[in-house]
Every structure is written in structure tokens, then in C-alpha cells.
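Q: here's a sequence, model it:
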Amino acid sequence: MRSSLSLFMLLCIAIPYSSHASHGKPLVKNNVTTVTSSSQSLPINTKALDEQFESQVFSYNDALHYLYEEKMQLSQLKAYQQDLQQGQVIFSVLANQLDVDNYDHMRFINNYATLLSNYAELLDRQYCYQQSLGYWQQSDEVYQAGKIYQNKYPTLAYNQSLNFARQSVFYRKNKDQTQRLELLKQAEQISRALVKNHPLDTSFQQHHLNVLLDQLDIYQQQADSYNQQKFLFDQLNPSYFKVLKRQNMVSDFGNTMIFIQKYYRYLYIHDPNQAMQWLNQQHDFIENYRSRQRELSQREKEFLAGYYAANRQFDLAMSYLEQLDPEEDDATSVRDFKSMDPLYANIRYTPAFQLWLNNYEKHYLVQQKQKQCRIPTL
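A: Below you'll find the predicted structure:
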């Protein structure tokens, strides 16, 4: 993924976001010793940063091993809060005195911004949406301060783009998608520049495609969005058509399935028959993966249910629908099954589907009502 493995490990790029598209993963937290968070020990009034302060910056970077975990743990909440306070103290001193040639300064910016966004994501997973907003905003500000390093360390720009994309996830089920689209546009602006300047970097390329896929998710919920969809597909098609020509395993099957689903919807707008003809052309690719993959994600099961429903293989479609968990945080909204997704047009009014949908909706609505902040002490 990266040209340098050591650089990859030092720059925490692999924190996944999952709106529809997904990214990589980090290390496990060890027992770490944190340096003091007392602002009295820091040379706030000095013009030049002394060795004591630089030592604290270095120690802080080395202490945050758990940044490489896939998700923060609620049981470690107090430790994260202490590290955030300590990071804020250091950042208040360092922000206006960053040295573009100082690698430890760059590492601190990256680590502190990642810590802020990981903590915000932890709060969002606990439904503490209002409490998380300030941490998302702070992470944006820290990444902005680190722009001076992005030419030399493009992974830092990647992380900033990823940060915007991760924020957008928690607006996915809002009726008003304006905020989500704005965040994805900010992510796209950065990712587009990365792809242009680093055309051989596959991680940058895949992230850019993921951001475009997530924008499609918004436009496909809107009427009269054909032109916006066409603009995005003109950028997506060359990459995904290459993938679909391979009739073997691919590492990014999940996102490829999302592409197939969305391109089918796009073609369906003007010509349902053309859409179905194109979908059937992907049969070998889909079946090849399904026959080899032991475990499927919820997204993949949902796509396969729609694919078999479109092909009138209703028993197979229902077998995948019945595996879906309506109480997952990322569960698909009921309206997609009820009316929006044309993949389910053939099966939508069958007794078996209606019985399943009623049960899915009942559990889905219970889960939505339970989404109150689970951390009352915040």
C-alpha cells in the first residue's frame, strides 16, 4: 500500500470508515506510560521550543500505540480523555511554532488529529452525537495546521481526506443530506489532488473512488439527479470496469458490489431492460466470489439478495435477506427495501418478502429509538 512500511506504521492511515466504502486497519494498545499533562511544565512563554518540550512531543508520539487499533474501546475512555487533554496542551504551544522540517512535529500533528477523530468516532458509536461534534471540529483544525507537511508527507493529506469521509458517515440516515455531501466534497477535493500527484498509489486511488461512491449514495436518493450521477460514473467506470473484467477473486469485492448496485440503479432510470442486461453480464464475477467467500458482510448479503430478486430467484434472495441484522448501527433503512431500490422490484410484493419486511421494520425502529447517548457522564 505504501512505498515505505515504516512510514505507514508511523502515519495512522488505516482507520476504517464505513458508510458504504471501507479502508484498512491499525495495532493493539500496549501498557503505555504517558508524560505529564500539566501545562505548568511546558515552556509556553518561550519563543523557541526547548529540549524538554521536544522530549515531551517525542514521548507523546511513542505513547499512542493504540491509535492503530481498528476501534477505540469504551473501557479505556478515561485514558483517552487524559491523552486528549495532554495533546491539547502540547498543541496550544506547538501550533504557531511548527517546524516544516521537524519529523516529530509532523508525527504529533498526525497522531493528535487521529486521536481526536477516533475519540469522536467512539462517541458517535455510543450515540453521543452532540458531544462528538467539538472533537471532529478540533481534528479538522489540527489537520489544517499540518498542511505545511502535506507536500513532503502526502499520507497526512490522505488522513485529512479520510477524516472528512469518516465524519460524513454519521449523517448518512439524516433526511437532509446537505452536511454529509459537504464533508464528502471536502474529502474529494483532497483525494482528487492526491490521485493527480501520486497516480501510482493504489490506496489514494481506492479512497478517491470510495468518496465518489458515497456521493452517489446521496444523489441516488434525489429526484432529477441523473446528470450528477453521470458525472460521477464517468470517473468511476474505468477503474471498476477493469475489475469486473477479471473473473477471479479481488480484494475489494465489497466496494465492487456497491458499484454494481449503484450502476444498475443509474441505468434503470432510463432503461430497465438495459440495466438488467448489464447486471446479468456480471453473473460470473458475482458467482465466482460467492462460491469462494466463506463469510459475507451485511452489505454483501444485501446486494446478493437484491441480485437474486432481480433474477427472480426468490428463495435464494430470501435466504440472504433473512441473514440481515436490522439492529446493526449501519443497517439499511426500511424505505430502501420498501420503495427505493429497483433490485427488489420483482420480490417487493410477494408474501414472503412482506412478512420479512414487517419483522425487519419492527426491529429496525426499536433500534432507532434506542439511539440515545450511552455515556451519561460526558
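Q: tell me how many other residues surround residue 304.
A: 22 (other CB atoms under 10 Å). In short, each C-beta sits where N, CA and C put it, glycine included.
Q: same question, the one 4 residues further on
A: Summarising burial for residue 308: neighbours were counted as other CB under 10 Å, giving 22.
Q: what residues are up against residue 184?
A: Contact partners of residue 184, counting by CB atoms under 8 Å, 6 or more residues apart in numbering, are 164-165, 168, 211, 214-215, 218.
Q: what's the separation between residue 144 and residue 150?
A: Distance, residue 144 to residue 150, using CB to CB, to the nearest Å: 10 Å.
Q: about what we covered before: among the contacts of residue 184, which are in helices?
A: Residues from those lying in helices, with DSSP state H as the criterion: 164-165, 168, 211, 214-215, 218.
Q: most neighbours among the residues you listed, which one is it?
A: Counting neighbours by other CB under 10 Å, residue 211 leads the ones in helices among the contacts of residue 184 with 28 neighbours.
Q: now the helices: where do they sit in the stretch 201-350 of the chain?
A: 202-219, 226-245, 253-270, 272-281, 283-292, 298-310, 314-321, 334-335 (DSSP state H, counting those that start in this stretch).
Q: now swap in the stretch 51-200 of the chain and tell me
A: Under DSSP H, counting those that start in this stretch, the stretch 51-200 of the chain gives helices at 51-63, 77-94, 103-125, 129-145, 154-168, 178-197.
Q: and among these, the most buried is which?
A: Among the helices of the stretch 51-200 of the chain, helix 154-168 has the highest mean neighbour count (mean count of other CB atoms under 10 Å), at a mean of 25.
Q: run the chain-centre distance for that helix.
A: Relative to the centre of its chain, helix 154-168 is centred 9 Å away, using CA atoms, centre = their mean, to the nearest Å.
Q: for the remainder of this discussion, apply numbering that starts at 186.
A: Got it, the first residue is 186 from now on, which makes the last one we talked about helix 339-353.
Q: can you check what angle separates that helix from helix 314-330?
A: In terms of direction (axes from the mean of the first three to the mean of the last three CA atoms, to 10 degrees), helix 339-353 departs from helix 314-330 by 160 degrees.
Q: coming back round to it: out of the helices of the stretch 236-385 of the chain, nearest to residue 554?
A: Nearest to residue 554, of all the helices of the stretch 236-385 of the chain, is helix 314-330, at 15.0 Å by CB to CB.
Q: pLDDT value on residue 374, please?
A: With respect to pLDDT, residue 374 scores 98.
Q: list the residues that contact it.
A: Residue 374 neighbours (CB under 8 Å, 6+ apart): none.
Q: look up how far residue 368 lies from residue 533.
A: Counting by CB to CB - residue 533 and residue 368 are separated by 32 Å.
Q: now do residue 359
A: Residue 359 sits 12 Å away from residue 368, taking CB to CB as the criterion.
Q: ok, the residue nearest to residue 291 when sequence neighbours are not counted - contacts?
A: The shortest distance from residue 291 to any non-neighbouring residue, by CB to CB, 6 or more residues apart in numbering, is to residue 334 (4.4 Å). Residues in contact with residue 334 (CB under 8 Å, 6+ apart) are 285, 290-291, 294, 341.
Q: please repeat the previous calculation with a cut-off of 10 Å.
A: Residues near residue 334 by CB atoms under 10 Å, 6 or more residues apart in numbering: 283-288, 290-292, 294-295, 340-342.
Q: take those residues and write them to CSV, including distance to residue 304 and pLDDT.
A: Converted to CSV, the contacts of residue 334 look like this (distance: CB to CB, whole Å; pLDDT from 0 to 100):
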residue, distance to residue 304, pLDDT
283, 22, 93
284, 26, 93
285, 27, 93
286, 29, 93
287, 25, 93
288, 24, 92
290, 21, 94
291, 21, 94
292, 18, 93
294, 16, 95
295, 15, 94
340, 21, 93
341, 19, 95
342, 22, 96
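Q: these two touch, right, residue 465 and residue 493?
A: No. Judged on CB atoms under 10 Å, residue 465 makes no contact with residue 493 at a distance of 11.9 Å.
Q: where do the contact lists of those two overlap?
A: Between them, residue 465 and residue 493 share the contacting residues residue 471, judged by CB under 10 Å, 6+ apart.
Q: if I look at the nearest residue to residue 368 once chain neighbours are set aside, how far off is residue 306?
A: Distances taken as CB to CB, 6+ apart put residue 353 closest to residue 368, at 4.0 Å, once the chain neighbours are dropped. Noted for residue 353: a distance of 12 Å to residue 306, by CB to CB.
Q: for residue 395, same thing?
A: Taking CB to CB as the measure, residue 395 and residue 306 are separated by 17 Å.
Q: okay, the contacts of residue 369 in TSV with pLDDT and distance to residue 511 next?
A: Shown next, in TSV, are those (pLDDT from 0 to 100; distance: CB to CB, whole Å):
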residue	pLDDT	distance to residue 511
349	97	29
350	96	25
353	95	23
396	97	27
399	96	22
400	97	26
403	95	22
